[in-house]
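Trainee: Just the structure for this:
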Amino acid sequence: MAVGIFVVAELDGAIGERIHALQQRFDPKLAAELPPHVTVFGSSGAGAIAPDTTITELRAAIEPVAQRTPPLTLRFGAPMRFLQREIVSLPLDPHGPLRALHEALKASGLRYAPARYPFTPHCTLNFYATITPESLRVMLAVRESEPWTLRVLRVYHSRDPQPPRHLFDAPLLG
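Mentor: Numbers count the residues shown, from 1 in each chain. As a prediction, the model looks like this:
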């Protein structure tokens with residue numbers, strides 16, 4: 001993670017354990033940062049939330065969105081490698097309910113940096129480690145067809161190189 005505040009959905013249960021095992025195998029540094037997750041806000045589609053945003057301001061913006069959003073059942077697509085990058089990820093459909101949640105957070109009044117990329121929700125398998133032909137072959141063969149349910153938004157403040165600091169959770173209650 002870079003510097004700023006991010007809203008993520010951590011993967012739990014068996015799917016989270018399987019993806020974490022892959023991260024530990026291919027990118028131990030990534031695996032040590034946070035549990036496997038999807039960044040819902042603060043990466044693509046909208047940049048990181050301003051680091052000087054108070055917890056009171058964050059709660060006032062994020063909690064109402066979470067309270068009116070029902071839990072989302074999501075399914076990963078086939079792994080992909082970001083062009084000319086050492087990043088391999090499991091993508092999610094950038095349309096539908098996940099997009100609506102992202103857009104609601106964008107419209108919530110939060111101050112955030114400009115996005116460098118369009119909204120491309122995903123769970124990263126490899127970020128820091130150099131990809132070898134063998135590791136790329138194995139990562140691209142992964143299939144996680146089991147659906148998982150996003151039930152809680154987790155808000156983190158990141159100040160690289162320090163570990164991200166968990167600020168609060170906002171359960172989806174709609």
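
Trainee: Helices along the chain, start to end?
Mentor: Along the chain, counting by DSSP state H, helices occupy 13-26, 28-33, 55-68, 97-106, 133-141.

Trainee: If you count contacts, what does the shortest one end up packed against?
Mentor: Other helices and strands packing on helix 28-33, by 3 or more CB pairs under 8 Å, 6 or more residues apart in numbering; DSSP states H and E, are helix 13-26. All C-beta spots, glycine's among them, are computed from the backbone N, C-alpha and C.

Trainee: So which residues make contact with the helix it packs on?
Mentor: 10-11, 30-31, 35-36, 88, 90, 123-126, 129, 135, 138-139, 142, 144, 146, 148 (CB atoms under 8 Å, 6 or more residues apart in numbering).

Trainee: Now list the buried members of those.
Mentor: 10-11, 30-31, 36, 88, 90, 123-126, 129, 135, 138-139, 144, 148 (16 or more other CB atoms under 10 Å).

Trainee: Just the ones of the residues you listed in strands?
Mentor: Those of these mapping onto strands are 10, 88, 90, 123, 124, 125, 126, 148, per DSSP state E.

Trainee: and which of those is nearest to residue 61?
Mentor: Distance to residue 61 across these (CB to CB) is lowest for residue 10, with 20.1 Å.

Trainee: So for the residue nearest to residue 43 when sequence neighbours are not counted, what's the pLDDT?
Mentor: Computed as CB to CB, 6 or more residues apart in numbering, the closest residue to residue 43 that is not its neighbour in sequence is residue 6, at 6.9 Å. pLDDT, residue 6: 95.

Trainee: Could you check how far residue 6 is from residue 164?
Mentor: Taking CB to CB, to the nearest Å as the measure, residue 6 falls 8 Å from residue 164.

Trainee: Common neighbours of these two, please.
Mentor: Residues touching both residue 6 and residue 164 by CB under 8 Å, 6+ apart: 156, 158.

Trainee: which of the two has more neighbours?
Mentor: The residue with more neighbours, out of residue 6 and residue 164, is residue 6; 24 against 17, by other CB atoms under 10 Å.

Trainee: Specify the beta-bridge partners of the more buried one.
Mentor: residue 156 (DSSP bridges).
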